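Chemist: Here you go, sequence then predicted model.
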Amino acid sequence: MKTILVPTDFSIPADSAIHYAVKLAVLWDASLILYHSFIPYESGFYLLALNEKENMEAHKKVTNRLTAMSNSIVKKNPNLSISIHVDQGPEGIKIIDFCKKSKADLIVMGTKGASGLKEKLIGSFTAEVIINAPCPVLAIPNKYKFKVPEKITYATNYSKKDRKMLQSLLEFNRTFNAEINILHVDWGITLFTADEDYDRYKKTIQNHFKDFEFTYHHTVGKDISKTILEETLIDKTDMIVMNPLKRKGIWNRIFHRSVTKKTVYHVPIPLLTIPIK
């Protein structure tokens, strides 16, 4: 992780993400990019020159705010490499585009959650970025204070991608050396119908990763997201990890998008998503 992209809308949740990202950047000796995108002003009642003037002023205002934030961070962390970038256009699209152009290794975003009708109708902007980002995304709950994770839970549906997923997670975990627990929530449809199949999965993982010992937990719950959050609370997990990318068949409808989004709405601890194709 050499380049960390931190989108901000200057809100309190975004500030929480910035503070967390700064700690990570210092720990990893990584560079930081503070990012904001605004919708350009357009009006048929204004001359083109006036529209451009409005947008130039908005761009300057945002640039000044990001510069002030950057200077404040550098003052406390003089060895930190930090830059700013201002875009114009829909945030969701622009963040993804800029992430690819800047070759960011990680996006760190704040999440303020959603519930009830809000969750169903408008969803969470952070959840949308998580689904579409080409790199890992770390969602930080509002007012969450940074701590080095000691226990990480990887929530999985026992995918064939697990070995690639766990390899990426081990690279992320190299600095922390946290315990990693592999959690599966069975709600009635599972890839394993017998204990020996479950044991075979564990042996396959351990044989592939001989230098790291994972722990495993297989539980049952009708609401997968809720069960994940409950289990990680009981287990005192410091970070949840999921794969947000589209899967074919029934698990596409059941597990990846709905569960990932619902989890990020309610998660009380950092949620890391790693896209493995």
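Modeler: Structure's in. What do you need?
Chemist: Which stretches in the chain count as strands?
Modeler: 3-7, 31-38, 82-88, 106-111, 137-141, 151-155, 179-186, 215-220, 239-242, 271-273 (DSSP state E).
Chemist: among those strands, which is nearest residue 60?
Modeler: strand 82-88 (9.0 Å; Cβ to Cβ). Any C-beta I mention is one placed from the backbone N, CA and C, and that applies to glycine too.
Chemist: Just the angle for the closest one relative to strand 3-7, thanks.
Modeler: 50 degrees (axes from the mean of the first three to the mean of the last three Cα atoms, to 10 degrees).
Chemist: which strands and helices sit next to strand 82-88?
Modeler: With contacts taken as 3 or more Cβ pairs under 8 Å, 6 or more residues apart in numbering; DSSP states H and E, strand 82-88 sits against strand 31-38, helix 48-76, helix 91-102.
Chemist: what's the most buried one of these?
Modeler: strand 31-38 (a mean of 21; mean count of other Cβ atoms under 10 Å).
Chemist: Give me the sheet partners of that strand and which way each runs.
Modeler: Sheet pairing of strand 31-38 (DSSP bridges) gives strand 3-7 (parallel), strand 82-88 (parallel).
Chemist: Could you list the low-confidence segments of the stretch 101-250 of the chain?
Modeler: 113-124, 187-196, 245-250 (pLDDT under 70).
Chemist: returning to what we had before: I'd like the strands of the chain laid out as TSV, including distance to residue 207.
Modeler: As requested, the strands of the chain are arranged in TSV below (distance: least, Cβ to Cβ, whole Å):
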stretch	distance to residue 207
strand 3-7	34
strand 31-38	37
strand 82-88	43
strand 106-111	29
strand 137-141	30
strand 151-155	18
strand 179-186	14
strand 215-220	14
strand 239-242	21
strand 271-273	25
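Chemist: Residue 197: which of those strands is closest?
Modeler: Here strand 215-220 is closest among the strands of the chain (Cβ to Cβ), at 11.0 Å.
Chemist: Sweet, I'm off.
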